[in-house]
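**Student:** test case, fold it:
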Amino acid sequence: MSDRTLYALFDDTVAAHPHDIALEVGEERFSYAELSRLADALAARILQARDGQVPARVGLLAARSPLAYVGYLAVQRLSGTVVPLNPIFPAERNTAIARAGRLELVLVEQDGGDELPAPVMRLDGTLLAELRASAQPALPARSATVDDLAYILFTSGSTGVPKGVPVRHRNVSSYVEHVVARYGIGPGSRLSQTFDLTFDPSVFDLFAAWASGATLVVPSRGDLLAPVRFVNRKAITHWFSVPSIVSFADRLHGLAAGSMPDLRWGLFAGEALTLQQARAWQHAAPGCTIENIYGPTELTVTCTEYRLPAAPADWPSTSNGTVPIGQVYPRLEHAVVDERGQPAHQGELCIRGPQRFPGYVDPADNINRFFEQTDAGFVSYNGSGPLTEQHWYRTGDRVRRESGELVHLGRLDHQLKIRGYRVELGEIESVLRRQPGVREAFVVPLDAADGEIDLGAVYTGLEQDEGLLLEALRATLPTYMVPRRLVWRQELPLNVNGKVDRKAIAGTLAPIVT
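**Tutor:** Reported below is the predicted structural model:
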């Protein structure tokens, strides 16, 4: 499996389980054979629209609908690279991603996309029926190899520009092989698909299912607010989400004792899983195995794992109340490095191996994001010389071993996970500073009343109407990146070293009321 492209993994399953259900969206069900035929038909339409030219990079501006999944597979069938865009993101952000990704075509569901700097192909409401009625097309042989790019995801960038993370087929197939075996995924398994396609855990959902003969079950937005109802109604066997969904359901008293009796697996990633959240989930699903998995996009979805013992009395007690991220996957190497570049008990987690991406779309983003290992210790990569498989990726995450397990202690920089999305505070600050009249801007995390993380911002320059300034930010940034509060200050607090004191800034902002 680890030497296969994504479409080859799917195609192998089509041959082995053609009549099994591959995808459920609402009341619609698609067998593996049907999903394959639809992807072929759409691939033929793409070629027809481009006079037979195969596009190398294709954007996918679609929600979690049948056509979104057909589009994803059609691009893979043509040996192209998928670049997901998000319909709920501001047009300016999708435009920036399309430009940075050098897209040759964008598949757009419903309206929008006219402003994109690439040709657009509409996936309208009648297309699915038309694809079903299409004759089996003649398509070129698949040419992608495991060293080609499967997809590119764009994450928040500290310079104010989204940062492109390309991932090769070999990175994904190695990952999929590990998780399919670990979680016993196969025919009869029913996997939730709670993640947007712009969020890399969605790759687990799609291809852990489609490489094994399982069924991918897509919840509606309303289902995400009531996970117990969705799990039971759809007979989900493998649930995978950010931990925030647990907190939300628990606050609404939606995790009653024993309310998910048949759920086998509860997997969580994207942000810290607290022991309190894990207990709430176990209370509702007493027969469920709970696993905390961690990993940045650059290491192909997740790269560490920790399985909570079956008996809550045996659960660990960590220094920060979170579930450990556990052990690095067996095929990967890791090192914990202090600020001097020396191996340490506590420090930055660095990883290399078959899941490590080949480097950012913009090579300038590689500088200081990798370590070179020397006799004297770990030295930050400065951009000179090629980036090789021997370089360690610097996660920017601080960890410590506690009772033999890695525990995540937070970020070394100003990057956060908010509602599962990775956010660079520097990107928000950059957008704020671009607003007329704003001179300086600093964004800080704040503890919200519901226990989650919110953002607050302080700026200098001309005092402005808070509502108008927030509206300007919403035109550029996704909702989860827009600060809940904006406060004007004549000057910013400094620490003893003369640097802006972010802790003092946080202290000047009144608690956020939810």
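
**Student:** Val323 touches Arg279, doesn't it?
**Tutor:** No - the criterion here is CB atoms under 8 Å, and Val323 misses it with Arg279 at 10.1 Å. C-beta: built from backbone N, CA, C; applies to glycine.

**Student:** compare the two (neighbour count), which wins?
**Tutor:** Using other CB atoms under 10 Å, the more surrounded residue of Val323 and Arg279 is Val323, with 27 against 17.

**Student:** would you mind giving both backbone torsions of that one?
**Tutor:** Backbone torsions of Val323, given as degrees, to the nearest 10, read phi -70, psi 130.

**Student:** one more: Leu23?
**Tutor:** Given degrees, to the nearest 10, the pair of backbone angles that Leu23 has is phi -150, psi 130.

**Student:** quick one: contacts for it?
**Tutor:** Neighbouring residues of Leu23 by CB atoms under 8 Å, 6 or more residues apart in numbering: Arg29, Phe30, Leu35, Pro66, Tyr69, Thr215, Leu216, Val218.

**Student:** what about the residue nearest to it when sequence neighbours are not counted, which helix or strand?
**Tutor:** Distances taken as CB to CB, 6 or more residues apart in numbering put Phe30 closest to Leu23, at 4.4 Å, once the chain neighbours are dropped. Element membership for Phe30 (DSSP states H and E) is strand 28-31.

**Student:** that strand: which residues count as buried?
**Tutor:** Phe30, Ser31 (16 or more other CB atoms under 10 Å).

**Student:** which strands border it, and is each parallel or antiparallel?
**Tutor:** Strand 28-31 has the following strand partners under DSSP bridges: strand 21-25 (antiparallel).

**Student:** just the strands in the stretch 201-350 of the chain please.
**Tutor:** Secondary structure of the stretch 201-350 of the chain (DSSP state E, counting those that start in this stretch): strands located at 215-218, 238-241, 265-268, 289-294, 304-307, 327-328, 333-337, 346-352.

**Student:** can you put those in TSV and add mean neighbour count and mean pLDDT?
**Tutor:** Compiled in TSV, the strands of the stretch 201-350 of the chain are given as follows (neighbours: other CB atoms under 10 Å; pLDDT from 0 to 100):
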stretch	mean neighbour count	mean pLDDT
strand 215-218	24	98
strand 238-241	24	97
strand 265-268	25	98
strand 289-294	24	98
strand 304-307	21	98
strand 327-328	18	98
strand 333-337	18	98
strand 346-352	21	97
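
**Student:** tell me which of these sits nearest to Val146.
**Tutor:** strand 346-352 (17.7 Å; CB to CB).

**Student:** now the closest one, how far from the centre of its chain.
**Tutor:** On the basis of CA atoms, centre = their mean, to the nearest Å, strand 346-352 sits 20 Å off its chain's mean C-alpha point.

**Student:** please renumber the chain so that the first residue is 59 from this point on.
**Tutor:** Yes, from this point I'll number from 59; that puts the last item at strand 404-410.

**Student:** what helices and strands are in contact with that strand?
**Tutor:** For strand 404-410, the elements it packs on are strand 391-395, strand 450-460, judged by 3 or more CB pairs under 8 Å, 6 or more residues apart in numbering; DSSP states H and E.

**Student:** partners of Val275 in the sheet?
**Tutor:** With DSSP bridges as the rule, Val275 is bridged to Glu82, Ser250.

**Student:** before we move on, the earlier item: could the helices and strands packed on strand 404-410 go into TSV alongside distance to Tyr65?
**Tutor:** Output for the helices and strands packed on strand 404-410, formatted as TSV (distance: least, CB to CB, whole Å):
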stretch	distance to Tyr65
strand 391-395	29
strand 450-460	26
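
**Student:** so which of those comes closest to Leu321?
**Tutor:** Of the helices and strands packed on strand 404-410, nearest to Leu321 by CB to CB is strand 450-460, at 28.4 Å.

**Student:** helix or strand right after the strand holding Phe88?
**Tutor:** Criterion used, DSSP H and E; the element after strand 86-89 is helix 90-107.

**Student:** show the subsequent helix or strand relative to that next one.
**Tutor:** Sequence-wise, the next helix or strand downstream of helix 90-107 (DSSP H and E) is strand 115-119.

**Student:** please name the strands paired to that next one in the sheet, noting orientation.
**Tutor:** strand 139-143 (parallel), strand 163-167 (parallel).

**Student:** so which of these is nearest His466?
**Tutor:** The nearest among these, by CB to CB, is strand 139-143 at 26.0 Å.

**Student:** from Leu255, how far off is the residue nearest to Leu81?
**Tutor:** Counting by CB to CB, to the nearest Å, the gap between Phe88 and Leu255 amounts to 17 Å.

**Student:** in the protein, where is pLDDT below threshold?
**Tutor:** For the chain, residues meeting the criterion pLDDT under 70 lie at 59-60, 215-218, 507-509, 553-557, 568-572.

**Student:** care to break it down by domain?
**Tutor:** Domain assignment of the chain by automatic domain parsing yields the ranges 388-469, 476-566.

**Student:** the last one: end-to-end distance?
**Tutor:** Going back to what we said before, that points to domain 476-566. Terminal residues of domain 476-566 are spaced 21 Å apart (CA to CA, to the nearest Å).

**Student:** all helices for the stretch 209-358 of the chain, in order.
**Tutor:** Taking DSSP state H, counting those that start in this stretch as the test, the helices found in the stretch 209-358 of the chain are 227-240, 259-268, 279-283, 285-291, 302-309, 333-342.

**Student:** check which helices and strands the first one is in contact with.
**Tutor:** I take that to be helix 227-240. Looks like helix 227-240 contacts helix 64-74, strand 207-213, helix 259-268 (3+ CB pairs under 8 Å, 6+ apart).

**Student:** surely Gln548 and Val516 touch.
**Tutor:** No - between Gln548 and Val516 there is no contact under CB under 8 Å: 10.7 Å.

**Student:** okay, those two: which has more neighbours?
**Tutor:** Val516 (25 against 7).

**Student:** can you report phi and psi for the more buried one?
**Tutor:** phi -120, psi 140.

**Student:** beta partners of it?
**Tutor:** Applying DSSP bridges, one finds that Val516 bridges with Phe500, Val545.

**Student:** bridged to the residue nearest to Ile155 when sequence neighbours are not counted, which residues?
**Tutor:** Spatially, and ignoring its direct neighbours in sequence, Ile155 is nearest to Phe212 (4.7 Å; CB to CB, 6+ apart). Note on Phe212: beta-bridge partners Gly222, judged by DSSP bridges.

**Student:** how about the helices and strands packed on strand 404-410, which one is nearest Val261?
**Tutor:** Distance to Val261, taken as CB to CB, is lowest for strand 450-460 among the helices and strands packed on strand 404-410, at 17.5 Å.

**Student:** tell me the strands beside that closest one, with direction?
**Tutor:** Strand pairing for strand 450-460, using DSSP bridges, gives strand 404-410 (antiparallel), strand 428-432 (antiparallel), strand 463-469 (antiparallel).

**Student:** among these, which is nearest Trp297?
**Tutor:** Closest among the strands paired with strand 450-460, using CB to CB: strand 463-469, at 21.1 Å.

**Student:** need the contact partners of the helix or strand following that closest one.
**Tutor:** Going down the chain from strand 463-469, the next helix or strand is strand 473-476, by DSSP H and E. Identification of contacts with strand 473-476 by CB under 8 Å, 6+ apart yields 214, 216, 328-330, 454, 480-483, 503, 510-511, 513, 538-539.
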